[in-house]
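>>> Predicted structure and sequence below. I'll ask about it afterward.
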Amino acid sequence: MRRKLSHLEHIKAASRQLRGSIAEGLADPVTGAIGDDDGKLLKFHGSYQQDDRDLREERRRQKLEPLYAFMLRARLPGGVVTPAQWLVFDRLARDYASAGLRITTRQTFQWHGILKRNLKPAIAAINHAMASTIAACGDVLRNVVATPLPQQSSLHAEAYAWAAKLSAELAPRTTAYHELWLDGEKLVGEAPPEPLYGTTYLPRKFKIGMAVPPLNDVDVFAQDLGLIAIAEQGELRGFNLVVGGGMGASHGDPSTYPRLAEVIGFVTPGQLREAAEQVIAIQRDWGDRAERKHARLKYTLDERGTDAFKAELEHRLGFALQPAQPFRFDHNGDRYGWLEGEDGRWHLTLHIESGRLLDRGEQRRLSGMRELAKVHTGDFRLTCNQNVIVANVAAGERERIDAIVRAHGLDGYRKQSAIRRHAIACVALPTCGLAMAESERYLPTILDKLEARLEQHGLLDAPILLRLSGCPNGCSRPYLGEIALVGRGPGRYDLRLGADFGGQRLNQVYRENVDEAAILAALDPLFARYAAERTNGEYFGDFLRRAGILVPSPSPSPRRIPSEPVA
Ligand code: SRM
Ligand code: SF4
């Protein structure tokens, strides 16, 4: 029986390539919002309509419409930003946004709280800075992420070049973007179909991430299509393809689950572009267009079988994938402080709590980064752990950079506990319309409390991966945290434990729907045992499994892969 297409499929099909009536909605002075259907199309242009949830109730009482504003997300492949671009983005944050600059878990920037009338000038300014917001959201290939640490300079340059190429060549071609935001020529008549995306684009969002071992800082197994760069003596030989990763789930709905991507084979650099396009095309053709909760590639794979997917890919490509090559990941966090690249240039990774760059009291992170951008002659790299790398610094410039970093309190990485340095929290309240509990705003509080307990057990230096999400959608990739809190309701979370340190094993629920007191009560004895019983260099998640505190789930879903990589 043919299933009914989801409502969004009809909206996309009728949108004349993502135009809808967005222009009319933007011009309507009576409301700060745009229509519901246009709001869905706007995502493809890189923006979400939101409202300030802290003020919702009060405004309702006053019979005012919600305080509508727009979140804008840039598309910055590989997270690379020039100093000139940084200054433009900083200016936008101060002129139009309500909460500074926000580095996301996909190494780009978001601006929150942009009023409707300011959306067009903001998007135009981003484009004039030679960046874009197109396809930063929506049912398309999103920002392509890549390991940002340029320590292995030539390999990194290649990884970045691939991220930029895939991002550019697999982006939507619609002229609606230019028409709406950049005063491009108006389309007359029907829009021609997009070459890759057709008239209805993909069934759901699609994500590509490239890791350069031993760093898995992009969480390559959480991507729809992950690329693991395989090098020999510093020379790029090609990429292992991993498919079907994804984090999103819904509480109480076992048909949705986080899933790790599977390694299906190896391609040479010359084959990569075509392979990536065909993976997307199969998902375009096979993905579920009736039920959006079930429309990611991970579900297509579980339904059709990975072997069938691989056979279809090879059929469309006209060649067989080579066997996957060995690889090994050390960890999926960032390495803080200065590191020298193989070309003698230096790179400074700074820790930015929850990626939020804002001047608040003593903390002057937004100003500090602006001062750095004024003098820095290299580039900046945003990381998938919401941090920033001041990259490509000449040895003689290090002192000047350090002085600015210190003066603006950006040197936290030197003093912080290991758990703080490794923590990630999604945005959640007050802007995220899907948040069930606090995340970014709760992170400092829970960290203080966890640190107090870790200190009692002599564990302040233990590098434990902590991830907080305000709902099960998993924007901080919480299912890959050694400790994770996943929001269920105000002040209540699922406590999940036991992922590994390299992003290759999912965690599992340890306590369901608990409050802070219960979370701390559950963790304290585990910290005590970890302090007393861990073996040399053993990570917290691994310890919990070895000690039998966590028993691996018997269920095949969520999919687990061995903690040891293919060898
Ligand atoms: Fe996300 C939806 C924020 C990375 C899975 N995500 C949202 C929205 C847009 C809420 C909405 O739909 O109304 C959030 C906006 C909050 C706000 O106010 O800014 C939001 N997601 C974010 C960011 C900003 C989190 C952060 O703190 O950095 C990240 C922006 C990434 C980017 O620059 O493109 C972000 N989101 C992720 C990731 C992590 C990743 O991609 O590595 C995931 C898990 C991986 C995955 O896709 O499976 C993720 N976000 C989701 C989902 C669940 C998708 C699913 O398959 O079920 C949703 C909900 C949805 O799409 O319906 C979602
Ligand atoms: Fe919002 Fe949930 Fe994503 Fe957090 S995990 S930003 S609460 S959608």
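Received, thanks. Residues are numbered from 1 along each chain as shown. Ligands and ions are numbered 1, 2, ... in the order given.
>>> Does stretch 204-220 reach ligand 1?
Yes: contact between stretch 204-220 and ligand 1, assessed by Cβ under 6 Å from any ligand atom, occurs at K207, D219. C-betas here are computed from N, CA, C, even on glycine.
>>> The residue in the chain that ligand 1 sits nearest to: what secondary structure?
Using Cβ to the nearest ligand atom, the single residue of the chain nearest to ligand 1 is G248, 2.1 Å away. Under DSSP: H, G, I helix; E, B strand; the rest coil, the three-state class of G248 is coil.
>>> Pretty sure it sits against P472.
Yes: the pair formed by G248 and P472 meets the contact definition of Cβ atoms under 8 Å, at 7.2 Å.
>>> who has more neighbours, these two?
Per other Cβ atoms under 10 Å, whichever of G248 and P472 has more neighbours is P472, with 23 against 19.
>>> count of neighbours near the closest residue to that one other than its chain neighbours?
The shortest distance from P472 to any non-neighbouring residue, by Cβ to Cβ, 6 or more residues apart in numbering, is to A249 (4.6 Å). The tally of other residues near A249 (other Cβ under 10 Å) stands at 21.
>>> Contact partners for R488?
With contact set as Cβ atoms under 8 Å, 6 or more residues apart in numbering, R488 has these partners: H251, M436, A437, D494, E512, N513.
>>> any idea whether the closest residue to the fifth one other than its chain neighbours is helix, strand or coil?
Once its chain neighbours are removed from consideration, E512 has its nearest residue in D494; the separation is 5.4 Å (Cβ to Cβ, 6+ apart). Using three-state DSSP, the structure places D494 in strand.
>>> D494 against L485, yeah?
Yes: at 7.3 Å, D494 and L485 qualify as touching, with contact defined as Cβ under 8 Å.
>>> higher neighbour count, those two?
More neighbours surround L485 than the other of D494 and L485, with 28 against 20 (other Cβ under 10 Å).
>>> Quick check: the more buried one touching L495?
Yes: under the contact definition of Cβ under 8 Å, L485 touches L495, with a separation of 6.2 Å.
>>> Give the residues shared as contacts by those two.
Shared contacts of L485 and L495, defined by Cβ under 8 Å, 6+ apart, comprise I519.
>>> So which helix or strand of this structure has the lowest pLDDT on average?
Counting by mean pLDDT, DSSP states H and E, the chain has its least confident helix or strand at strand 363-364, which shows a mean of 90.
>>> Name the surrounding residues that touch it.
Counting contacts by Cβ under 8 Å, 6+ apart, the residues touching strand 363-364 from outside are H408, G409.
>>> May I have the strands that pair with it, each with its orientation?
Each strand that pairs with strand 363-364, with its direction, by DSSP bridges: strand 359-360 (antiparallel).
>>> any idea of the mean pLDDT for the strand it pairs with?
Along strand 359-360, the predicted local confidence has a mean pLDDT of 92.
>>> Check stretch 99-109 too.
98.
>>> cool, and stretch 518-529?
Taken as a whole, stretch 518-529 has an average pLDDT of 98.
>>> Flag every buried residue along it.
By neighbour count, and taking 16 or more other Cβ atoms under 10 Å as the criterion, the buried residues in stretch 518-529 are I519, L520, L523, L526, F527.
>>> same deal with stretch 475-490?
Judged by neighbour count using 16+ other Cβ under 10 Å, the buried positions of stretch 475-490 are 475-488.
>>> Show me which of these is closest to E353.
Minimum separation from E353 among these (Cβ to Cβ) is found for S476, which lies at 12.6 Å.
>>> Name the SS class of that closest one, please.
On the three-state scheme (three-state DSSP), S476 is labelled coil.
>>> Many thanks, we can stop here.
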